[in-house]
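Undergrad: sequence and predicted model, in that order:
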Amino acid sequence: YQRRVREAVVSTQSTGDVKEIEFNPDFVNRMLSRLEWPALVQIANQLGVGEGLPEMLPEEQQFEDEDILKKIHHVLLEVDVIEGELECPETGRKFPISKGIPDMRLNEEE
């Protein structure tokens, strides 16, 4: 499901809010086939942490470049949206994020 992130307060290692998670290039490469890559890049760009991420995965769905793997690691494991909202691009429906937890509940009338 694609979502847009709006008015996000992001916690990252660079802001000093998150501890560093040990880099494991094998883990990152194994995760690539499980990701919806265009959605990851889109959200990372919306959050301001997508600089340097390739727009497309290589056909073999593996990266050899350690710098790119470190950027992917950072986006996947060290970036948290603390406050904000997710917005469905199809319906415009908004889901609040509070204390890092998105509220995806439906309204009672749905």
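TA: Happy to help now that I have it.
Undergrad: list the buried residues for the helix or strand harbouring V28?
TA: Element membership for V28, per DSSP states H and E: helix 25-32. Neighbour-count burial for helix 25-32 flags P25, V28, N29, M31, L32 (criterion: 16 or more other CB atoms under 10 Å). Yep, even glycine has a C-beta here, placed from its N, CA and C like the rest.
Undergrad: then stretch 77-91?
TA: Within stretch 77-91, the residues scored as buried using 16+ other CB under 10 Å are L77, E78, V79, V81, G84, E85, L86, E87.
Undergrad: again, but for stretch 32-41
TA: Under the neighbour-count criterion of 16+ other CB under 10 Å, stretch 32-41 has L32, W37, L40, V41 buried.
Undergrad: helices - which of those land there?
TA: With DSSP state H as the criterion, helices contain L32, W37, L40, V41 from among those.
Undergrad: from L35, how far off is the residue nearest to the last one when sequence neighbours are not counted?
TA: By that I understand V41. Using CB to CB, 6 or more residues apart in numbering and skipping residues adjacent in sequence, the residue nearest V41 is L53, 5.2 Å away. Remark: distance between L53 and L35 (CB to CB, to the nearest Å) = 11 Å.
Undergrad: tell me the pLDDT of the nearest residue in space to R93 that is not next to it in sequence.
TA: Distances taken as CB to CB, 6+ apart place E87 nearest to R93, at 7.1 Å, with adjacent residues excluded. As predicted, E87 sits at a pLDDT of 83.
Undergrad: partner residues bridging E87?
TA: On the basis of DSSP bridges, E87 is bridged to R4, K94.
Undergrad: and the gap between it and H74?
TA: E87 sits at a distance of 24 Å from H74 (criterion: CB to CB).
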